[in-house]
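A.B. asks: predicted model, plus sequence, below.
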Amino acid sequence: MRDDFDHGPDQDPDPDAALDRRGRHAADGDAARPDGHGAATAAEDGAGTPAGHGGQETPTAAEGPLFKPETPERTDLIAPGVRGVELELAGHVYDLRRTPVPGALIEFWQCDQNGDYDTSGFSLRGHQYTTHRGAFRLRTVIPRDYWGRWGRRAPHLHTRIHVPGGPLLVTQLYFPDDTQAYGRDFAALNAMDPLIDRACTLTLTGPLEGRYRGTFDFVVRTGGH
Ligand SMILES: [Fe+2]
């Protein structure tokens, strides 16, 4: 299913090419690091480009009690009625040799701008498959912090990655300390979250016109390596 990312005719329908054109992070001077620490520069100039170093496997995290299977297949989670600070997230799924993984199943679920999960329906829930270049993209909103069974949780996205023939990766993605949303102090929220793993922090640019753009590359174990 197509998403709503490509707003104009000059946008390449391939997420990789679209990232190239936007030139995001080009000025960062940050080497491509498929571990979520740095901008996905190499990924943007052609997934599969040998990075010269092995990727670090994405850390796992608790799934939590609010996962739901059989979500709609979609890359746009902003349904009517969803309010919040918009986030366009893009990235790739790589194996441990930094080879893009096509056809990987990615499931996302998260709370809304009030810290609430939809447990009766599928708001802010969805699944998709990576492209032939191992790319994914997601349009959603930045979630809010909430009080959970482990204490106060910093804003996070839940995700599960399932590579054909490989083990299931369950993890959570976090936001940089300087993220601006809902008047919340993300630095303080990140600091007090007992579950946070900084290796799973998105790289963000923005906000621009009220919208953030983010990148994150997953590095997963596959059946062969
Ligand atoms: Fe959560």
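C.D. replies: Arrived safely.
A.B. asks: which residues of this structure fall in strands?
C.D. replies: Applying DSSP state E to the chain gives strands spanning 86-94, 105-109, 125-129, 135-141, 146-148, 151-153, 156-162, 168-174, 203-208, 211-215, 218-219.
A.B. asks: any idea how far the third one is from the middle of the chain?
C.D. replies: Taking the mean C-alpha point of strand 125-129 and that of its whole chain, the gap between them comes to 11 Å (Cα atoms, centre = their mean, to the nearest Å).
A.B. asks: what mean pLDDT does that strand get?
C.D. replies: Across strand 125-129, pLDDT averages out at 98.
A.B. asks: same check, this time on the second one
C.D. replies: Here strand 105-109 scores 98 as its mean pLDDT.
A.B. asks: what's the angle from it to strand 135-141?
C.D. replies: Counting by axes from the mean of the first three to the mean of the last three Cα atoms, to 10 degrees, strand 105-109 lies at 10 degrees to strand 135-141.
A.B. asks: okay, now residue 222: neighbour count?
C.D. replies: 18 (other Cβ atoms under 10 Å). Glycine gets a C-beta too; all of them are placed from N, C-alpha and C.
A.B. asks: on that earlier part again, would a markdown table of the strands of the chain with distance to residue 64 and mean neighbour count be doable?
C.D. replies: Output for the strands of the chain, formatted as a markdown table (distance: least, Cβ to Cβ, whole Å; neighbours: other Cβ atoms under 10 Å):
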| stretch | distance to residue 64 | mean neighbour count |
| --- | --- | --- |
| strand 86-94 | 19 | 25 |
| strand 105-109 | 9 | 20 |
| strand 125-129 | 13 | 20 |
| strand 135-141 | 17 | 22 |
| strand 146-148 | 8 | 14 |
| strand 151-153 | 9 | 16 |
| strand 156-162 | 6 | 22 |
| strand 168-174 | 8 | 21 |
| strand 203-208 | 23 | 16 |
| strand 211-215 | 21 | 21 |
| strand 218-219 | 18 | 26 |
